[in-house]
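A.B. asks: Structure for this input, please:
(chains A and B)
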Amino acid sequence: MLPFTIQLKPGTPAYEQVVYATKRAIASGQLAAGDAFPSIRALSKELKINPNTAQKVVTQLKSEGLLVVMPGIGTVVAEGASTSRQQAESALQPRLEQLVVEARQMDLDCDTLLHLVQREWQTTISNQKKK
Amino acid sequence: MSDTAEAIKLSGLTKHFRSNKAVDGVDLVVEHGTFHALLGPNGAGKTTLLQTMVKLLHPTSGHGHLLGTPLKKLSHRDFQKIGYISEGQDLPERVAVRTYLDSMRSFYPSWDRDLEAKLIKELDLPTQPAIRNLSRGQRMKVQLISSLAFSPQLILMDEPLGGLDPLMRHEVLAGLLELLSTESPPTVLISSHDVDEIEHVATHISYMAHGKIAYSASVEQMQNECREISLRGDRSKLPDRAIGICEQDGFVRYLDPAFTDDLPAEAESANLSLKEVFHYLARESRAA
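C.D. replies: Model (predicted):
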């Protein structure tokens, strides 16, 4: 069993989807520092992806400092894997802009958008805690 | 290990049956260590192509190399490094699975008993019953194990998932992934209809229609470069490379196989799954 949830969609590289799902799991606390991360073989079989792709996912997450190899234990989620506030802001900025523009186009005001974001926040976080 | 760059290289490979151009000038390169899916509608020539590659059929013209050896010169020695699996292959009906696998083992010096045991477990295959008492899916598993356990460098598979129920397909795929997780994974060429299941396993795809390869790319390239473009208006604005053009309700939709960011005015683009790309290619080949 994988320690996070993901439903692979066709049409986008599996690699991107799994990297994103892992980041999401770390952000929500579903995966905490020190938690074991599945082996390449387990990732490949559980998700039905090519082992090369699974390898790429792990390499990418390691290079971003989200995973570390602990000798004798395996690959685990790194301490401080959750990003700094400034990094987080710059990573989110393009999508925030898109969200604001789209909300504006649909005649939503700022309060309504904030309310929607808040609701989404609550469902996402509480869903993940249950698991 | 062969020192050539490609596991498979075909140039102008052709197989005609009288007037039927089943395989009609196929050029194909499959690099070592890749998982190449050969897709295409029934009657496209996939089975004939694979049979020509393993010398079950003699090519009408053209050339090919498997693991660096010309098709003509492939001998039983080469076939100890090449696995071939096809639907409905003849198996000895009265023999127990265990006995059959034991007899196959004697043919292959490179037979790996650990891998055999792993695959039997992974595929959940009973080894006591006689082969004639097995289901279709179980027969495919027997073939898979007997063609994978000798650790071939190259595996050619003709519709190994065809006609299997979802659970069996799942298990067969898991068996394949088991093999790909080994230290020096084999090169795989697999013909398949199950595009959804293969999308994240394959590293490369080729689409075959009317005996020819119409499209060939890495999956990453396909995911990055294939876009469905839809725009209002007429066909005059379309690029030459537009594939599978269809018009509906004043909109034109097509597949752009080499999308950059140069969208025509007022057009929208969308990502496509392998299945959707497959549908566009099929529409194009029907129109041709």
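A.B. asks: ok, the residue of chain B found nearest chain A - contacts?
C.D. replies: In chain B, no residue comes nearer to chain A than B:Ser273, which is 3.1 Å away by C-beta to the nearest C-beta. Using the backbone N, CA and C atoms, a C-beta is placed for each residue, glycine as well. Listed by C-beta atoms under 8 Å, 6 or more residues apart in numbering or on different chains, the contact partners of B:Ser273 are A:Lys9, A:Pro10, A:Gly11, B:Val195, B:Asp196, B:Glu199.
A.B. asks: what's the spacing between it and B:His76?
C.D. replies: Between B:Ser273 and B:His76 the distance, using C-beta to C-beta, to the nearest Å, works out to 41 Å.
A.B. asks: Chain A contacts on chain B?
C.D. replies: Where chain B comes near chain A, counting by C-beta under 8 Å from any C-beta of the partner chain, the residues are B:35, B:170, B:173-174, B:177-178, B:180-181, B:185, B:196-197, B:199-203, B:219-220, B:223-224, B:271-276.
A.B. asks: Quick one, which of these are buried?
C.D. replies: Buried positions within these, assessed by neighbour count (16 or more other C-beta atoms under 10 Å in any protein chain shown), are B:35, B:173-174, B:177-178, B:180-181, B:185, B:197, B:199-203, B:219, B:223, B:272-274, B:276.
A.B. asks: thought B:Leu13 was touching B:Val23?
C.D. replies: Yes. Assessed by C-beta atoms under 8 Å, B:Leu13 is found in contact with B:Val23 at 6.2 Å.
A.B. asks: Find the residues that touch each one of these two.
C.D. replies: When contacts are counted by C-beta under 8 Å, 6+ apart, B:Leu13 and B:Val23 have B:Leu49, B:Thr52, B:Pro59 as shared neighbours.
A.B. asks: Measure how buried the first one is and give me the count.
C.D. replies: This means B:Leu49. Neighbours of B:Leu49 under the rule other C-beta atoms under 10 Å in any protein chain shown: 29.
A.B. asks: So it: helix, strand or coil?
C.D. replies: Each residue gets one of three states, and B:Leu49 gets helix by DSSP: H, G, I helix; E, B strand; the rest coil.
A.B. asks: So it versus A:Thr75, what's the distance?
C.D. replies: B:Leu49 sits 41 Å away from A:Thr75, going by C-beta to C-beta.
A.B. asks: Now do the buried residues in stretch B:82-94.
C.D. replies: By neighbour count on 16+ other C-beta under 10 Å, the buried set for stretch B:82-94 is B:Ile82, B:Gly83, B:Tyr84, B:Ile85, B:Ser86, B:Glu87.
A.B. asks: confidence score at the fourth one?
C.D. replies: It stands for B:Ile85. What the model reports as pLDDT for B:Ile85 is 91.
A.B. asks: Name the SS class of B:Ser206, please.
C.D. replies: Under the three-state scheme (three-state DSSP), the conformation of B:Ser206 reads as strand.
A.B. asks: Done for today, thanks.
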